[in-house]
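Undergrad: sequence first, predicted coordinates after that:
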Amino acid sequence: MITRIHNESGPKLATVAKPAALSNNEAELALIRRVSLRDRTALRDLYLLYHRRLSRFLMRLTQRQDLAEEVINDTLLVVWNSADRFRGDSRVSTWIVGIAYRRALKSIRRRRSFELVELEATDALVGVDNLQACETQEWIEEALQELPLEQRLCLELAYVLGHSCEEISVITSCPVNTVKTRLYHARRKLSVLLPRLAEGK
């Protein structure tokens with residue numbers, strides 16, 4: 001947009017900056033506000049926005065598509081019923097993933113039959129040397145299955161969904177130091193387990 005400015009030295013042209021585009025969180029907040037007004041189209045848009053990332057996260061935990069879909073649907077139902085109480089103290093993604101996390105834990109513990117599945121290893125998780133020592137993903141899967149559920153979930157939230165320790169603290173309803181401790185012990189256990197498995201011991 002061009003605006004003509006007049007002063008003593010004559011007219012000048014000035015460029016007025018366009019409004020900045022909404023951030024992802026601002027756009028999602030707008031959807032949440034619409035959902036709080038019982039806008040079903042907004043709920044559908046949230047479902048489409050979150051289905052893929054929640055499905056990936058939940059499938060890694062349960063290895064069951066039906067259970068993952070059940071948790072996703074339960075999560076969106078909670079969002080539908082409580083959107084008017086969301087005050088924006090955290091990112092929308094942190095709030096929604098937190099709901100999914102708690103619903104998943106309830107489902108897993110209720111059914112008492114689940115199998116954690118392979119988490120893609122990264123340099124940040126286990127280090128280059130350990131990765132090079134592993135010849136197959138089976139070792140990685142076996143090592144991850146030996147981790148306590150809480151540690152495994154923290155790894156998933158940090159390295160798959162990309163949440164910070166502070167956000168994981170909100171999602172899991174535990175102190176930040178507890179999150180850091182779980183991540184530390186999980187990485188330490190993997191660094192011991194992976195070489196042992198690679199050596200066939």
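TA: Great, that's in hand. Quick caveat, the model's predicted, so the values are computed rather than measured.
Undergrad: neighbours of Arg52, how many?
TA: When counting by other Cβ atoms under 10 Å, one arrives at 9 neighbours for Arg52. Where C-beta positions appear, they are placed from N, C-alpha and C, glycine not excepted.
Undergrad: residues contacting the spatially most central residue of the chain?
TA: A centroid search over the chain (Cα atoms, centre = their mean) returns Leu161, at 3.5 Å, as the residue closest to the centre. Going by Cβ atoms under 8 Å, 6 or more residues apart in numbering, Leu161 touches 53, 57, 97.
Undergrad: just Phe86 next, same as before
TA: Applying Cβ under 8 Å, 6+ apart to Phe86 gives the contacts 32, 36, 92, 95.
Undergrad: residue ranges with poor pLDDT in this protein?
TA: Within the chain, the segments meeting pLDDT under 70 span 1-22, 63, 111-141, 194, 197-201.
Undergrad: how is it divided into domains?
TA: As assigned by automatic domain parsing, the chain contains the domains 24-111, 123-198.
Undergrad: any chance of the contacts of Leu161 in TSV, plus distance to Glu28?
TA: Formatted as TSV, those follow (distance: Cβ to Cβ, whole Å):
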residue	distance to Glu28
Arg53	12
Phe57	17
Val97	12
